[in-house]
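> The sequence and its predicted three-dimensional model are supplied below.
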Amino acid sequence: MSYGTNRYGQLPYGVAGGGEDGPDIEGQVDLMAYLPFYYEGVMEMEALQEQLGLLLYAQQRSAQEMMNQRFIASATWGLERWERELGIQSDPSRPYEWRREVVLAKVRGSGTATKAMLIRAAAAFSGGEVEIEEFPEEYRFEIQFVGVMGVPLNMAGLIQFLEEVKPAHLAYSFKYTYTWWDTLTQLSWDQAKSRTWNELRVYEGE
């Protein structure tokens with residue numbers, strides 16, 4: 001492999017260049033960039049550094065992958081551990097984003113099921129602002145999604161969560177936000193025809 005004479009000895013040892021982990025080339029760390037120029041053309045040294053660079057790159061990627069699993073927003077295969085620790089039934093067939101919402105809502109909703117806690121949890125599921133109106137005399141409350149249009153995707157997860165944390169004697173309902181008809185007057189007839197009914201119901205303008 002030829003690295004080019006301009007890369008030899010350009011970086012002091014331990015100083016990163018070309019990225020957070022050092023100068024990466026073709027899925028490896030370019031260790032030759034740290035060596036003195038007189039190693040240029042020494043095939044044995046280039047071959048050795050190439051193999052070490054591949055191993056170092058793999059190690060760095062593995063370390064980053066392990067770090068990703070420690071945070072809900074970036075976890076993938078590590079979600080199973082989060083679910084197990086929080087007492088959530090794991091379902092690997094579900095998309096990662098769906099499972100992250102369930103885990104995040106569980107974390108936000110730990111403790112007593114107060115109005116503030118339910119708002120935080122519902123916002124985690126819907127990805128937008130949520131309001132809750134209480135009707136004490138009717139023993140129920142209503143969740144309104146004001147930060148997103150239409151029905152949030154993970155309603156099944158939210159309903160499951162509510163059933164687990166809400167007081168047993170309280171009922172609940174949902175209120176969704178849809179497009180005002182005045183908003184649709186911005187569309188021409190041809191533009192409206194190109195959209196489905198569900199798309200028109202959540203149209204926010206352009």
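Ah, there it is.
> end-to-end on stretch 144-163?
17 Å (Cα to Cα, to the nearest Å).
> Where does pLDDT dip in this protein?
Per-residue confidence for the chain (pLDDT under 70) gives these ranges: 1-27, 109-112, 178-206.
> Show the contacting residues for residue 127.
Residue 127 is in contact with 101, 147, 148, 152, counting by Cβ atoms under 8 Å, 6 or more residues apart in numbering. For the C-beta atoms, the positions are set from N, CA and C on the backbone; glycine is no exception.
> Can you lay out those residues as a markdown table showing distance to residue 114 and secondary structure?
Below are the contacts of residue 127 laid out as a markdown table (distance: Cβ to Cβ, whole Å; DSSP: H, G, I helix; E, B strand; the rest coil):
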| residue | distance to residue 114 | secondary structure |
| --- | --- | --- |
| 101 | 20 | helix |
| 147 | 20 | coil |
| 148 | 23 | coil |
| 152 | 21 | coil |
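> Format those as JSON lines; extra columns: neighbour count.
Formatted as JSON lines, these follow (neighbours: other Cβ atoms under 10 Å):
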{"residue": "101", "neighbour count": "24"}
{"residue": "147", "neighbour count": "14"}
{"residue": "148", "neighbour count": "17"}
{"residue": "152", "neighbour count": "20"}
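> which of the residues you listed sit farthest apart?
Maximum pairwise distance in those, criterion Cβ to Cβ, is 14.2 Å, between 101 and 147.
> What residues sit buried inside stretch 78-93?
78, 79, 82, 83, 88 (16 or more other Cβ atoms under 10 Å).
> what does the host helix or strand of the third one contact?
For residue 82, the host element (DSSP states H and E) is helix 79-86. The set of residues external to helix 79-86 that reach it, using Cβ under 8 Å, 6+ apart, is 69, 72, 75, 88-90, 92, 96, 99-100, 102-103, 106-107.
> now do 7 Å
With contact meaning Cβ atoms under 7 Å, 6 or more residues apart in numbering, helix 79-86 is reached by 72, 75, 90, 96, 99, 100, 103, 106.
> Just the CA atoms of that helix, as PDB, please.
Extracted C-alpha coordinates of helix 79-86, given in PDB (Å, rounded to 0.1, in the frame of the first residue of the first chain):
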ATOM      1  CA  LEU A  79     -31.900  -1.800  24.500                       C
ATOM      2  CA  GLU A  80     -32.600  -5.300  25.800                       C
ATOM      3  CA  ARG A  81     -30.600  -4.500  28.900                       C
ATOM      4  CA  TRP A  82     -32.400  -1.200  29.500                       C
ATOM      5  CA  GLU A  83     -35.700  -3.000  29.100                       C
ATOM      6  CA  ARG A  84     -34.800  -5.800  31.500                       C
ATOM      7  CA  GLU A  85     -33.600  -3.300  34.200                       C
ATOM      8  CA  LEU A  86     -36.800  -1.300  33.800                       C
END
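> picking up where we left off before, could you dump the contacts of residue 127 to a markdown table with distance to residue 44?
Formatted as a markdown table, the contacts of residue 127 follow (distance: Cβ to Cβ, whole Å):
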| residue | distance to residue 44 |
| --- | --- |
| 101 | 53 |
| 147 | 62 |
| 148 | 61 |
| 152 | 60 |
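> and of those residues, the nearest to residue 140?
Using Cβ to Cβ, the contacts of residue 127 come closest to residue 140 at residue 152, 20.0 Å.
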